[in-house]
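A.B. asks: Sharing a model that was predicted from the sequence below.
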Amino acid sequence: MLAKEFLGQQTVESIYMDHHRWLKTWLRGKLGCSEQAADLAQDTFLRMMHGKRNVHTLEQPRAYLTQIAKHLLIDHWRRQEVERAWQETLAVTPQSFVASPEERSLILEALIRIDQLLDRLKPKVREAFLLSQLDGLGYREIGERLGVGERMVKKYMAQAMLACLINEGK
């Protein structure tokens, strides 16, 4: 550990100095790209600094950094999946319907937010919401598919709508 640590306490600077290179190497192994690894390493330290845990008393900083980095990796890979699906959609879209680069960017960001929102829902809530919104099914049909009553479907839909409303404020 660095001399900046005082009575067992670590500073953000000392954790960065001691573990940044290791974290970047670990991320490069997961991503196969030095630039993306450097970006995610920086994001990991930013999250650590703005997190709820007191970094001064971390006993295992690498374990904590790994935990944060894994969440960022999952977000990164999910974003790549959404971007890939969006690019595939654009590739088959007629030229007359093609959006401007600014509109494409806004649509992609909206798709990523929707994906994140859906991922936070419980599986049956998510499925009920998607069956309603994408397939246009009524509560009775949704209940039959999910093996629950209409009352439970209403509860699922209320949870999904609340999540949408809460997310709208962010």
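C.D. replies: Structure's in. What do you need? Residues are numbered from 1 along each chain as shown.
A.B. asks: gap between the nearest residue to residue 20 once chain neighbours are set aside and residue 73?
C.D. replies: Spatially, and ignoring its direct neighbours in sequence, residue 20 is nearest to residue 41 (6.2 Å; CB to CB, 6 or more residues apart in numbering). Backbone N, C-alpha and C define where each C-beta goes, glycine included. Residue 41 is 11 Å from residue 73, where distance means CB to CB, to the nearest Å.
A.B. asks: of those two, who's got more company?
C.D. replies: Each of residue 41 and residue 73 has its neighbours counted (other CB atoms under 10 Å); residue 41 has more, 24 against 16.
A.B. asks: Sticking with that one, tell me its helix or strand.
C.D. replies: helix 34-50 (DSSP states H and E).
A.B. asks: Where does the spatially most central residue of the chain sit: helix, strand or coil?
C.D. replies: By CA atoms, centre = their mean, the chain has its centre lying nearest to residue 75, at 3.7 Å. Of the three states, residue 75 takes helix according to DSSP: H, G, I helix; E, B strand; the rest coil.
A.B. asks: Against residue 126, how distant is it?
C.D. replies: Distance from residue 75 to residue 126, by CB to CB: 18 Å.
A.B. asks: can you check residue 96 too?
C.D. replies: Where residue 126 is concerned, residue 96 sits at a distance of 34 Å (CB to CB).
A.B. asks: from the chain's centre, how far out does the stretch of helix or strand residue 105 belongs to sit?
C.D. replies: Taking DSSP H and E as the definition, residue 105 sits inside helix 101-120. Chain-centre distance of helix 101-120: 11 Å, with CA atoms, centre = their mean, to the nearest Å.
A.B. asks: Compare neighbour counts for residue 96 and residue 126 and give me the winner.
C.D. replies: The neighbour comparison of residue 96 against residue 126 (other CB under 10 Å) goes to residue 126, with 18 against 5.
A.B. asks: any idea where the helices of the chain begin and end?
C.D. replies: In the chain, the helices defined using DSSP state H lie at 12-31, 34-50, 61-91, 101-120, 123-133, 139-146, 150-168.
A.B. asks: List the buried residues for the first one?
C.D. replies: So the one you mean is helix 12-31. Across helix 12-31, burial judged by 16 or more other CB atoms under 10 Å covers 14, 15, 16, 18, 19, 20, 23, 24, 26, 27, 28, 31.
A.B. asks: and of those residues, the nearest to residue 108?
C.D. replies: residue 31 (20.1 Å; CB to CB).
A.B. asks: hang on, the closest one packs against residue 39?
C.D. replies: No. Counting by CB atoms under 8 Å, residue 31 sits too far from residue 39 to count as a contact (9.4 Å).
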